[in-house]
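Chemist: this is the structure alone, sequence omitted:
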């Protein structure tokens with residue numbers, strides 16, 4: 001009786017063991033395949049980002065800022081433009097936060113540099129608003145609706161907002177001319193120039209995206 005019970009338990013254990021191995025093997029087999037697929041998509045997305053960035057004014061900065069999003073499977077010019085604009089907005093907000101802090105300190109000390117920092121801060125604040133509006137316009141752009149006047153209305157709006165943001169950031173940088181300046185001014189100028197450069201890149205990427213629709217419109221009978 002005991003031997004039969006032991007045999008039954010052994011057979012049950014072997015059944016469970018075999019069942020577990022049988023169900024685990026497909027998962028183990030899928031693991032490397034899925035990993036290769038993810039790496040392949042990541043590689044394609046990075047190649048797409050690098051090729052797109054070559055059309056910008058600051059390609060190395062473009063690749064540096066956007067390559068971290070390669071794992072998001074970005075292979076569409078509209079997605080890339082939106083990510084680039086979001087990066088610009090983030091940089092502009094970060095710079096504004098830094099300048100708000102500096103402006104408060106300068107104002108409290110009645111420092112003579114305060115007026116220039118205040119003017120620059122206003123321009124960066126405008127850039128933040130303009131970049132926010134450009135992203136909103138881009139999200140409202142629906143290529144599936146076809147090459148229509150509404151599509152170009154949104155495209156023109158995006159370009160206008162981003163161009164204005166770039167102009168304001170560049171004007172802010174011009175508040176600090178020359179190379180000989182305080183550490184505070186040099187820091188502000190460096191951050192503002194970075195905003196201007198990433199915004200310039202975002203505008204170039206959006207131009208690249210919009211170009212195919214303008215080309216399609218010219219080919220209409």
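Modeler: Here it is on my side, so go on. What you see is a predicted model; the values in this text were computed from it and never measured.
Chemist: the residue nearest to the spatial centre of the chain - nearest residue in space that isn't next to it in sequence?
Modeler: Nearest residue to the geometric centre of the chain (CA atoms, centre = their mean): residue 83, 2.9 Å. The shortest distance from residue 83 to any non-neighbouring residue, by CB to CB, 6 or more residues apart in numbering, is to residue 69 (5.3 Å). From N, CA and C alone the C-beta is placed, and that goes for glycine too.
Chemist: now do that neighbour against residue 146, distance only.
Modeler: From residue 69 over to residue 146 the distance is 29 Å, taken as CB to CB, to the nearest Å.
Chemist: helix, strand, or coil at the residue nearest to the centre of the chain?
Modeler: Put simply, residue 83 is helix when judged by DSSP: H, G, I helix; E, B strand; the rest coil.
Chemist: same deal with residue 178?
Modeler: At residue 178 the chain is in coil, as set by three-state DSSP.
Chemist: just give me the neighbour total for it.
Modeler: 7 (other CB atoms under 10 Å).
Chemist: low-confidence bits of this structure, can you list those?
Modeler: Along the chain, the parts satisfying pLDDT under 70 run over 1-41, 72-73, 219-221.
Chemist: now do the strands in it.
Modeler: If DSSP state E is used as the criterion, the chain turns out to lack strands entirely.
Chemist: show me the helices in the protein, by range?
Modeler: Ranges of helices within the chain are 2-53, 59-66, 77-109, 114-139, 149-173, 183-218, based on DSSP state H.
Chemist: buried residues of the third one, list them for me.
Modeler: Of all the residues in helix 77-109, those buried under the rule 16 or more other CB atoms under 10 Å are 77-85, 87-89, 91-93, 95-96, 98-99, 102-103, 106.
Chemist: which other helices and strands does it contact?
Modeler: Counting contacts by 3 or more CB pairs under 8 Å, 6 or more residues apart in numbering; DSSP states H and E, helix 77-109 is packed against helix 2-53, helix 59-66, helix 114-139, helix 149-173, helix 183-218.
Chemist: spatially nearest residue to residue 139 (excluding sequence neighbours)?
Modeler: residue 82 is the one closest to residue 139 (CB to CB, 6+ apart), at 7.4 Å.
Chemist: my read: that neighbour touches residue 136, true?
Modeler: No. Using CB atoms under 8 Å, residue 82 is not in contact with residue 136, being 10.8 Å away.
Chemist: test my guess that residue 84 contacts residue 198.
Modeler: Yes. The pair residue 84 / residue 198 is scored as a contact, 7.4 Å apart, by CB under 8 Å.
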